[in-house]
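*Asks:* I need the structure of the sequence given here:
(2 chains)
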Amino acid sequence: MSGIGDLRPDRVVRAGAAAAGDVGRAAAEFVVGATGELLHEAVLRGTDAVLRSPITGEVVDKVLSSDLLRATVTDAVRGPVVAAVLEAEVLDAILTSAEQAGAPELIVDRVLSQGIAEEIALRVVEGPELARILDVALGSEQMQATIAEALDSPALQRIAAQAIDSRLVDEVVRSLLTSEELWLLVAEVAESPQVTDALSRQTAGVAGQITDEVRERSRSADEWVERIAHRIARRRKAPDNVLPAETDPPGGPA
Amino acid sequence: MTDAAIRAAQAAAATSPEAPRELPVGQSPAVEYVGLVSRTVAIAIDAAIINVVALVVGVATALITDTLGFPQQVKDAVAIVGGFVYTGWAVLYFVTMWSVNAQTFGGRVMGFRVQHPDGKRPGVRRALVRFGAMVLAALPLGLGFVRVLFDDRRRGFHDRVANTVVIVGPGDAPAGARLTGRTSGQDA
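*Replies:* Presented below is the predicted three-dimensional model:
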């Protein structure tokens, strides 16, 4: 236990010095803190003032519309920025984050709900690109080989057989046969000039073949009848006591 | 005859297709005379045409006379007139066909034509003579046609009377060579 008798001058001095140091340190900290806050507040207010001023907006507009900025951004995007992004796998990280956040579903939902999908489909169907793609695809040997292989496959044949045997085909055929439009179409086709010309040509061809056949046979019959008539005439002209020329005379070769 | 004369005759024939070609003997194009069977088929076709038309007209006339209630005497007169009309129709058919186109419809089907040996189409007078001779040839059971079997140019009685020949060829083509023998190869 310490008592008043323990107070020594050196200790008192050290204690006084320590107390003075603490006070000074605290005062210094207080001054620094207050100054920092004031400075921070001043910077914020200055920034607000700068951002709110029309001059700043004008400056930003000029900078954004300047060729220098455009060229700088273009050069950066073309080369270094993209390379840096790819090297740092930033893109993968961004995509992974977006995937985890459900961005694909959100994008698809918005595309479908806002009719963008229909617009894209319409643009693809009506645009020339689809025809070009189909031309290239159908002209390629690989595609033709794939199609031929698919057509020859037993699975497709089985599907086709099932489709033909299905009740749907029967219904379609029955409704077609009972539809008035089909017979109107048949009548139109039958009365078309191309069909009538073809039928006329075919009929004329058949008639010509029959006529040629009749002519040929009648000419053969002409010859045959004349041969018989000449033979009969020769026999009548031949005297009864003269043997025919083709008969061997008596005593001739055996 | 020299080659120059032959060439001149061929050139003249080539430049005037309407005129009958008069080629020298032995230079005529190949022709084929038509025999008895082919002629019989053609005559059958012609007879069918003539009789079908006559039948239609006769039936129509009979229906009209029956419908209008003509007396029997009028009907008999109509029948007699119909007989003359039938004969006239047959004469008209053959004479017109021979003189205008050198072939009847039956001849067209069988592919032959009737012509003078010089290649000319038979005129109306010659066609009339030929038709009359054809009727005469048919009267004795068709014996007048038998000569077609033995004639070197397959000519029947009516062909000899009218001085015509029947050759294979289209109706509108002038075949103007003087024709002798069964084919031109036999001419000499």
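*Asks:* So what's the residue count around residue 39?
*Replies:* Using chain A. 10 (other C-beta atoms under 10 Å in any protein chain shown). In this view, the C-beta of every residue, glycine as well, is placed from N, C-alpha and C.
*Asks:* Chain B is the one I meant
*Replies:* For residue B:39, the count of nearby residues is 23 (other C-beta under 10 Å).
*Asks:* so where's the stretch 151-254 of chain A uncertain?
*Replies:* Low-confidence segments of the stretch 151-254 of chain A, defined by pLDDT under 70: A:239-254.
*Asks:* Show me which residues of it sit near chain B.
*Replies:* Proximity of the stretch 151-254 of chain A to chain B, by C-beta under 8 Å from any C-beta of the partner chain, involves residues A:211, A:214-215, A:218-219, A:221-223, A:225-226, A:229-230, A:233.
*Asks:* Can you flag the buried ones in those?
*Replies:* When those are checked for burial by 16 or more other C-beta atoms under 10 Å in any protein chain shown, the buried set is A:214, A:215, A:218, A:219, A:221, A:222, A:225, A:226.
*Asks:* The fifth one contacts residue B:40, correct?
*Replies:* No. Taking C-beta atoms under 8 Å as the contact criterion, residue A:221 and residue B:40 are not neighbours in contact, 9.2 Å apart.
*Asks:* Checking residue B:141 next. Helix, strand or coil?
*Replies:* Of the three states, residue B:141 takes coil under DSSP: H, G, I helix; E, B strand; the rest coil.
*Asks:* Could I get the phi/psi values of it?
*Replies:* Main-chain dihedrals, residue B:141, degrees, to the nearest 10: phi 60, psi 30.
*Asks:* again with residue B:113
*Replies:* Main-chain dihedrals, residue B:113, degrees, to the nearest 10: phi -140, psi 160.
*Asks:* again, but for residue B:125
*Replies:* phi -60, psi -50.
*Asks:* in chain B, which ranges drop under the pLDDT threshold?
*Replies:* Residue ranges of chain B with pLDDT under 70: B:1-29, B:172-188.
*Asks:* Do the biggest helix by length in it and chain A come into contact?
*Replies:* Criterion DSSP state H: the longest helix present in chain B is helix B:36-68. Yes. Counting by C-beta under 8 Å from any C-beta, chain A has neighbours in helix B:36-68: B:36, B:37, B:38, B:41.
*Asks:* And the residue of chain B that's closest to chain A?
*Replies:* The minimum distance from chain B to chain A, using C-beta to the nearest C-beta, falls at residue B:35 (2.6 Å).
*Asks:* Just want to check the distance between that residue and residue A:32.
*Replies:* 143 Å (C-beta to C-beta, to the nearest Å).
*Asks:* okay, those two: which has more neighbours?
*Replies:* The neighbour comparison of residue B:35 against residue A:32 (other C-beta under 10 Å) goes to residue B:35, with 23 against 10.
*Asks:* residue contacts, that one?
*Replies:* Going by C-beta atoms under 8 Å, 6 or more residues apart in numbering or on different chains, residue B:35 touches A:218, A:219, A:221, A:222, A:223, A:225, A:226, B:148, B:149, B:154.
*Asks:* I am finished for the moment; much appreciated.
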